[in-house]
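>>> sequence-free structure coming up:
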């Protein structure tokens, strides 16, 4: 009788870091485990519309687990305000109120808590949205990493807004409000001593006033808005191409990647298209309105360098391609797995 | 020369487990560090009213960090739904929509996530409130304890509701909807092998239909509603006595403490008045409406054993006293420090 090795035991499936990436693994987890039970299939929006009081309420929630909690250009408090304000804005809503929930680890310096809380308050004040209620939980040492912040926003639809991830149409112009790659590389630089800390700050900022200008300029001709956070611009474009069953073609030469971001990405082996942003948006806009929207975007501090970066095509549905600098065409995929955990 | 010991260094102030207790330490943290910046002083409500669309929106948010994540009578998923539905209800609101945010630890079994998600979905369905949007973040091993759940609720004020922590008046009757001490002792029993696991289940349940019956029966004569969660009935009574600047007198003989809860509390050195509940409420009700409200409470499965337990007095403001079983009177204090971390 031949000796036999013990059979490997089937390992229980477990949550992986990549499940939080904003990329393909995460889409699988949501599709298999979370959304069918809760939300039904195919939810691809940053915020939900809810009939309320004869109108529509807009709701969005996000937990923030970024490390380090203080970084060039912001901290977990300001990021939590901007992130949720922006998720409301991407549904065409103005923020009305924010809720704030803290999970604190025993041992967190009270000074850090005070500084983060002041930052939440300042960011909310600057965005013109009140924090109306909150919650604080404390867990033992080792059961969290200092502080996690969950913000939930209530928003009111802007008059004339009719945006959705699914509204892109062939012929639409793809607009981008500003440089990409800053947030993710700033976080990485803050974590490790990579020598470019001084050159890169997070782009974290509130985009609701930018969106209000865009909607005021073109109303429902603004078809789709998306802030390319986790998973970067590549994942955002794939999601909206998928939701609208269209193709998207972008021009690499038109992508605004700051030189220090390029250098950092090259050093770290990252594609700037997969790096998280927290202060820019991508929009699909009807061609007849593109110039007006672009002018409205540039007419404010959040998007002075807004530009067109591509066009929407009839298909193949869900396919994003880039014309490269050397004249070839490549497929731009969603981020698979985890590039950079705890980026937001 | 005498030898000297090194001077103890001033330790940085740090977050303590007791800051999450729902008791006095937590009130101090909120009062000193969190609310002045964010919410202004003196916020004592479970949910906030926000003008919206010509009416009022009600918002409440809570993070859930309970351990273990599965316990007799529920799990972190159902608890997160009930907790937020109840916080809305304590402001006199019916739940309209829920938002759900997960922080997952790398390594969490997918089966646990699926089971908790199914439990969220079942509890929400049973409460008749949809989960409309969500978020999922993943942190590395050791940076969380399996799963933390943050739920945020949007609610609509019930017609006739006019409740607030500050509305109690001298002469009001204090009503309690059901037995106390079950949730906290069930969690403790599930954590340790104490020999009474089979006898105690958490009381976790949604209370919005109970509140709807109470408001339908007496409208604004229902002055104050509170669910005595963290910090227990004692802390809830102190908070509402404080907010309304009234005294509250309760009769210990009338407190419904199940025998297994009494036994467990005796064994563990706990006061049942400080043990968390997740499925009962205390109400301050105008005396002329007390009978009608009590009848309405008993007319449903959540509060068949509802009863009056005391009265509101003109003062001393903020003072809660209990007439004891042996005929004396004692002051019922808020919980100080941490009795039982991660109870919800």
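Nice, thanks for sending it over. Keep in mind it's a predicted model, so treat the numbers as computed, not measured. Residues are numbered from 1 along each chain as shown, chains lettered A, B, ... in the order given.
>>> check contacts around residue A:340.
By Cβ atoms under 8 Å, 6 or more residues apart in numbering or on different chains, the contact set of residue A:340 is A:184, A:187, A:188, A:270, A:275, A:276. Just so you know, the C-beta spots here come from the backbone N, C-alpha and C atoms, and that holds for glycine as well.
>>> farthest pair in those?
Spanning the widest gap among the contacts of residue A:340 are A:187 and A:270, at 11.8 Å by Cβ to Cβ.
>>> quick one, which of those two is more surrounded?
Using other Cβ atoms under 10 Å in any protein chain shown as the criterion, residue A:187 and residue A:270 rank with residue A:187 on top: 26 against 19.
>>> quick one: the more buried one and residue A:204 touch, right?
No - using Cβ atoms under 8 Å, residue A:187 is not in contact with residue A:204, being 10.2 Å away.
>>> ranges for the helices of the stretch 51-200 of chain A?
Along the stretch 51-200 of chain A, the stretches classed as helices by DSSP state H, counting those that start in this stretch are A:76-89, A:110-127, A:182-191.
>>> Just the angle for the first one relative to helix A:110-127, thanks.
Our comparison of helix A:76-89 with helix A:110-127, counting by axes from the mean of the first three to the mean of the last three Cα atoms, to 10 degrees, yields an angle of 30 degrees.
>>> ok, and does helix A:76-89 reach over to chain B?
No - Helix A:76-89 lies apart from chain B when judged by Cβ under 8 Å from any Cβ of the partner chain; the minimum separation is 8.7 Å.
>>> same question, the last one
No - figure legend: helix A:182-191 not in contact with chain B (Cβ under 8 Å from any Cβ); closest approach 12.6 Å.
>>> in that helix, what's buried?
A:182, A:183, A:184, A:185, A:186, A:187, A:188, A:189, A:190 (16 or more other Cβ atoms under 10 Å in any protein chain shown).
>>> just the residues you listed now: which is nearest chain B?
Of all these, residue A:187 has the smallest distance to chain B: 14.2 Å, by Cβ to the nearest Cβ.
>>> Let me see the contact set for the closest one.
When contacts are counted by Cβ under 8 Å, 6+ apart, residue A:187 touches A:66, A:67, A:68, A:71, A:202, A:276, A:340, A:343.
>>> Over to residue A:249?
Residue A:249 neighbours (Cβ under 8 Å, 6+ apart): A:310, A:311, A:312, A:313, A:320, A:321, A:322, A:323.
>>> Most neighbours of all the residues you listed, which one?
Top of the contacts of residue A:249 by neighbour count (other Cβ under 10 Å): residue A:320, with 27 neighbours.
>>> Point out where chain A drops to low pLDDT.
Scanning chain A with the threshold set as pLDDT under 70 gives A:1-12, A:22-23, A:36-37, A:39-44, A:194-197, A:337-339.
>>> How is it partitioned into domains?
What the TED database lists as the domains of chain A is A:43-157, A:172-331.
>>> follow-up on the earlier one: got the buried residues of helix A:182-191 as JSON lines, with distance to residue A:100 columns?
Output for the buried residues of helix A:182-191, formatted as JSON lines (distance: Cβ to Cβ, whole Å):
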{"residue": "A:182", "distance to residue A:100": "25"}
{"residue": "A:183", "distance to residue A:100": "21"}
{"residue": "A:184", "distance to residue A:100": "24"}
{"residue": "A:185", "distance to residue A:100": "28"}
{"residue": "A:186", "distance to residue A:100": "24"}
{"residue": "A:187", "distance to residue A:100": "22"}
{"residue": "A:188", "distance to residue A:100": "27"}
{"residue": "A:189", "distance to residue A:100": "28"}
{"residue": "A:190", "distance to residue A:100": "23"}
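>>> Report the central residue of chain A.
residue A:229 (2.3 Å; Cα atoms, centre = their mean).
>>> Test my guess that that residue contacts residue A:276.
Yes - with contact defined as Cβ under 8 Å, residue A:229 reaches residue A:276; the gap is 5.3 Å.
>>> Quick check: which element contains residue A:280?
Assigned by DSSP states H and E, residue A:280 falls within no helix or strand.
>>> go on, residue A:310?
Short version, using DSSP H and E: residue A:310 is in strand A:307-313.
>>> And the nearest residue in space to residue A:210 that is not next to it in sequence, how far from residue A:179?
Once flanking residues are discounted, residue A:210 sits nearest to residue A:302: 4.4 Å by Cβ to Cβ, 6 or more residues apart in numbering or on different chains. Distance, residue A:302 to residue A:179, by Cβ to Cβ, to the nearest Å: 12 Å.
>>> try residue A:127
For residue A:127, the distance to residue A:179 - Cβ to Cβ - is 21 Å.
>>> List the contacts of the closest residue to residue A:83 other than its chain neighbours.
The spatial neighbour of residue A:83 that comes closest, neighbours along the chain excluded (Cβ to Cβ, 6+ apart), is residue A:62 at 5.1 Å. Counting by Cβ under 8 Å, 6+ apart, residue A:62 touches A:80, A:83, A:84, A:87, A:150, A:151, A:152, A:344, B:101, B:135.
>>> do residue A:293 as well
Neighbours of residue A:293 in contact, by Cβ under 8 Å, 6+ apart: A:175, A:214, A:217, A:218, A:221, A:222, A:283, A:285.
>>> now the residues you listed in CSV, with distance to residue A:109 and neighbour count?
Rendered in CSV, the data for the contacts of residue A:293 read as follows (distance: Cβ to Cβ, whole Å; neighbours: other Cβ atoms under 10 Å in any protein chain shown):
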residue, distance to residue A:109, neighbour count
A:175, 43, 23
A:214, 41, 33
A:217, 46, 20
A:218, 47, 22
A:221, 50, 19
A:222, 44, 28
A:283, 41, 29
A:285, 46, 27
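>>> For stretch A:202-209, measure first residue to last.
19 Å (Cα to Cα, to the nearest Å).
>>> List the buried residues of that stretch.
By neighbour count on 16+ other Cβ under 10 Å, the buried set for stretch A:202-209 is A:202, A:203, A:204, A:205, A:206, A:207, A:208, A:209.
>>> Would you mind trimming those to those in range of chain B?
Counting by Cβ under 8 Å from any Cβ, no member of the buried residues of stretch A:202-209 is near chain B.
>>> Might you report the residue contacts of the nearest residue to residue A:174 once chain neighbours are set aside?
Closest residue in space to residue A:174, ignoring its immediate chain neighbours: residue A:310 at 4.1 Å, by Cβ to Cβ, 6+ apart. By Cβ under 8 Å, 6+ apart, the contact list for residue A:310 reads A:173, A:174, A:248, A:249, A:250, A:251, A:254.
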